[in-house]
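K.L.:
Turn this into a structure:
(2 chains)
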Amino acid sequence: DTGVSQDPRHKITKRGQNVTFRCDPISEHNRLYWYRQTLGQGPEFLTYFQNEAQLEKSRLLSDRFSAERPKGSFSTLEIQRTEQGDSAMYLCASSSTLHRDRYTGELFFGEGSRLTVL
Amino acid sequence: AQKVTQAQTEISVVEKEDVTLDCVYETRDTTYYLFWYKQPPSGELVFLIRRNSFDEQNEISGRYSWNFQKSTSSFNFTITASQVVDSAVYFCALSATGNQFYFGTGTSLTVIP
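P.N.:
Got it, this is the predicted structure:
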């Protein structure tokens, strides 16, 4: 069973550059989440999709951030004009709400994409 | 507003000792879910348990047990006879809607052999 995969695992970029992260969720999962985690902190919610629809966005998600899930499968998170404060681990998670009787609320996380902005 | 507080930043125990990780939450919702996740050094968060707000029954799973008390808004996690493999960062999380999940800042547990 393939888990959630994220690419790239590490990205070092210069301030002002654009970066894009990709997440491939577990194939039958209809929900996909993006979280950000900085050192010593818990994951902070950024946004989530149900199928291809982006249903909720955190206020943390500034105009420089955009996320898509065009066909309801993989998702991309793009950060434009990166700033040093964007340095963090970007976590993707997926879950399924298709079978309510078996819904546990469990989020399946990927290993994350670590961004370092110089 | 939803908030999760894990006051213990770091805990060290000697192998085979019992350890309890504290979690206090705040929510105005009457229906909500509480979770514990483990983040080992490899980085991938792993689900441990979910509890519903209307089910205060405590749960035991092997060496793990959870104590949910609505009266004190706490959802504490106890590891019995700790092992080195238990060393990780543990996060408590809250979700009222099943959409947004609010995580605490985590407790870093080190089990010393």
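K.L.:
Show me what the helix or strand that contains A:L32 is packed up against.
P.N.:
Assigned by DSSP states H and E, A:L32 belongs to strand A:31-37. With contacts defined as 3 or more CB pairs under 8 Å, 6 or more residues apart in numbering or on different chains; DSSP states H and E, strand A:31-37 has these neighbours: strand A:44-50, strand A:75-79, strand A:88-95. For glycine as for every other residue, the C-beta is placed from the backbone atoms N, C-alpha and C.
K.L.:
residue contacts, the closest residue to chain B within chain A?
P.N.:
Chain A approaches chain B most closely through A:G42 (3.3 Å), counting by CB to the nearest CB. Counting by CB atoms under 8 Å, 6 or more residues apart in numbering or on different chains, A:G42 touches B:V4, B:F91, B:A93, B:F103, B:G104, B:T105, B:G106.
K.L.:
out of these, which are inside strands?
P.N.:
Among the contacts of A:G42, the members falling in strands (DSSP state E) are B:V4, B:F91, B:A93, B:F103.
K.L.:
And for the third one, the neighbour number?
P.N.:
Taking other CB atoms under 10 Å in any protein chain shown as the neighbour definition, B:A93 ends up with a count of 25.
K.L.:
Identify the bridge partners of the closest residue to A:E44 other than its chain neighbours.
P.N.:
Spatial nearest neighbour of A:E44, chain neighbours left out: A:R36 (5.1 Å); criterion: CB to CB, 6 or more residues apart in numbering or on different chains. Beta-bridge pairing of A:R36 under DSSP bridges involves A:E44, A:Y90.
K.L.:
Mind putting the contacts of A:G42 into CSV with pLDDT and distance to chain A?
P.N.:
Shown next, in CSV, are the contacts of A:G42 (pLDDT from 0 to 100; distance: CB to the nearest CB, whole Å):
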residue, pLDDT, distance to chain A
B:V4, 96, 8
B:F91, 97, 5
B:A93, 96, 8
B:F103, 95, 3
B:G104, 96, 5
B:T105, 96, 5
B:G106, 97, 5
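K.L.:
What is the nearest of the residues you listed to A:L107?
P.N.:
The nearest member of the contacts of A:G42 to A:L107, counting by CB to CB, is B:A93 at 8.6 Å.
K.L.:
Spit out the contact partners of that closest one.
P.N.:
The neighbours of B:A93, taking CB under 8 Å, 6+ apart as the test, are A:G42, B:V4, B:L34, B:F35, B:W36, B:Y37, B:F101, B:Y102, B:F103, B:G104.
K.L.:
can you rerun that using 7 Å?
P.N.:
B:V4, B:F35, B:Y37, B:F101, B:Y102, B:F103 (CB atoms under 7 Å, 6 or more residues apart in numbering or on different chains).
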